[in-house]
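>>> Sequence first, predicted model second:
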Amino acid sequence: MDDPILTIEEREAINSGRWFSSLSPSLRHDILRCAFVKRYKDGELIAARGDPPDQWIACARGAVRVSSTAISGKQITLTYVEPGIWFGDVAIFDGDRRTHDAYAHGDTTILCVAKADFKKILATHVELYEAMLRLHARRIRQLFGLVEDLNTLPLRARLAKQLVHLVRSYGVPSLSHGAEMRISLQLAQEELAQLLGASRQRVNQELKAMEREEVIRIEPGGLVVRDREALMRIIDTETH
């Protein structure tokens, strides 16, 4: 059964989101007032391709894995929605059905606003229209940046960028070494490779090279970033 209330940590993740925190207090209040909580176990389906756009969603804990299915039947991971990020609004605006599958990655909590309530809030707060335009513009910029990186940067730099992003979103201090950051999002190398548009073998080679250089450490439970500044230097070297 869904817990109807966000935990303190989940509420903080929503309220501290870069986009959501930029909204006026009255708009944030109205969004949260009509929102409801859903909780999922690892791997559970949140929304399927072809579903009607009946909810606007934010991730409050864990991650939402957005994927598509190749002609061969293999699932391809496109992105992970992290805590504080809202999604699902594009289908509400254009009225078309959802274009991708969304699964819980780890124990995941989402906050949902029904389509009817979303439209009521739009009618009440003109501010939300401009805020949604800013949100969509940011997504477009990120998308163009990803396309540019894919076409201009070597895999080593793209991997370093992805690791920096994962540390920013999911990094927790290592218990044994305070300066090190463990990436709490559990990603298989195949999933990491899909995010980078590369083969698992090539990503494994780059990770091994970074481990030899003492930039990261590969552990059974995931990746530990030992030297974030070294990752930044890799990105800077390859982009200039």
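All right, it came through fine. Numbering: from 1, shown residues only.

>>> Could you report the distance from the residue nearest the centre of the chain to Tyr129?
For the chain, the residue whose C-alpha lies nearest the mean C-alpha position (CA atoms, centre = their mean) is Val81; its distance is 2.4 Å. Spatial separation of Val81 from Tyr129 under the definition CB to CB, to the nearest Å is 22 Å. For the C-beta atoms, the positions are set from N, CA and C on the backbone; glycine is no exception.

>>> who's the nearest residue to the residue nearest to the centre of the chain once chain neighbours are set aside bridged to?
The spatially closest residue to Val81, leaving aside those adjacent along the chain, is Val64, at 3.9 Å (CB to CB, 6 or more residues apart in numbering). Per DSSP bridges, the residues bridged to Val64 are Val81, Ala104.

>>> so Val64 makes contact with His100?
No. No contact is recorded between Val64 and His100 when judged using CB atoms under 8 Å, the distance being 10.4 Å.

>>> Which one of these two is surrounded by more residues?
Neighbours were counted for Val64 and for His100 using other CB atoms under 10 Å; Val64 has more, 24 against 18.

>>> Ramachandran angles for the nearest residue to Ala47 once chain neighbours are set aside?
When the adjacent residues along the chain are set aside, Ala47 lies closest to Ala102, with 4.4 Å between them (CB to CB, 6+ apart). According to degrees, to the nearest 10, the main-chain angles of Ala102 amount to phi -130, psi 120.

>>> quick one: Ala102 and Arg49 touch, right?
No. Using CB under 8 Å, Ala102 is not in contact with Arg49, being 9.1 Å away.

>>> neighbour-wise, which of those two wins?
Neighbours were counted for Ala102 and for Arg49 using other CB under 10 Å; Ala102 has more, 24 against 13.

>>> isn't there a strand covering Arg134?
No. The secondary structure assignment for Arg134 gives helix rather than a strand, going by DSSP: H, G, I helix; E, B strand; the rest coil.

>>> So what's the residue count around the residue nearest to it when sequence neighbours are not counted?
Spatial nearest neighbour of Arg134, excluding adjacent residues (CB to CB, 6+ apart): Trp19 at 7.3 Å. The criterion is other CB under 10 Å. On that basis, Trp19 has 15 neighbouring residues.

>>> tell me the contacts of Trp19?
When contacts are counted by CB atoms under 8 Å, 6 or more residues apart in numbering, Trp19 is found next to 85-86, 131, 134-135, 138.

>>> most neighbours, which of these?
Ile85 (22 neighbours).

>>> Could you find the closest non-adjacent residue to that residue?
Spatial nearest neighbour of Ile85, excluding adjacent residues (CB to CB, 6+ apart): Cys59 at 5.6 Å.

>>> For the chain, which residues score under the pLDDT cut-off?
Residues of the chain that meet the criterion pLDDT under 70 lie in 1-3, 239-240.

>>> Okay, strands next: where are they in it?
Read by DSSP state E, the chain holds these strands, from start to end of the chain: 36-40, 45-47, 55-69, 75-81, 86-87, 101-114, 171-173, 181-183, 216-219, 222-225.

>>> Go through those and name the closest to Glu9.
Shortest distance between Glu9 and the strands of the chain, using CB to CB, is found for strand 55-69: 7.1 Å.

>>> list the buried ones in the closest one?
Buried residues in strand 55-69, counted by 16 or more other CB atoms under 10 Å: 55-67.

>>> from the residues you listed, which is closest to Leu166?
When these are compared for distance to Leu166 (CB to CB), Ala63 wins out at 10.3 Å.

>>> Verify the stated contact: the closest one with Glu82.
Yes. Look at Ala63 against Glu82 with CB under 8 Å: they come within range, at 5.9 Å.

>>> Right, I'll call it a day here.
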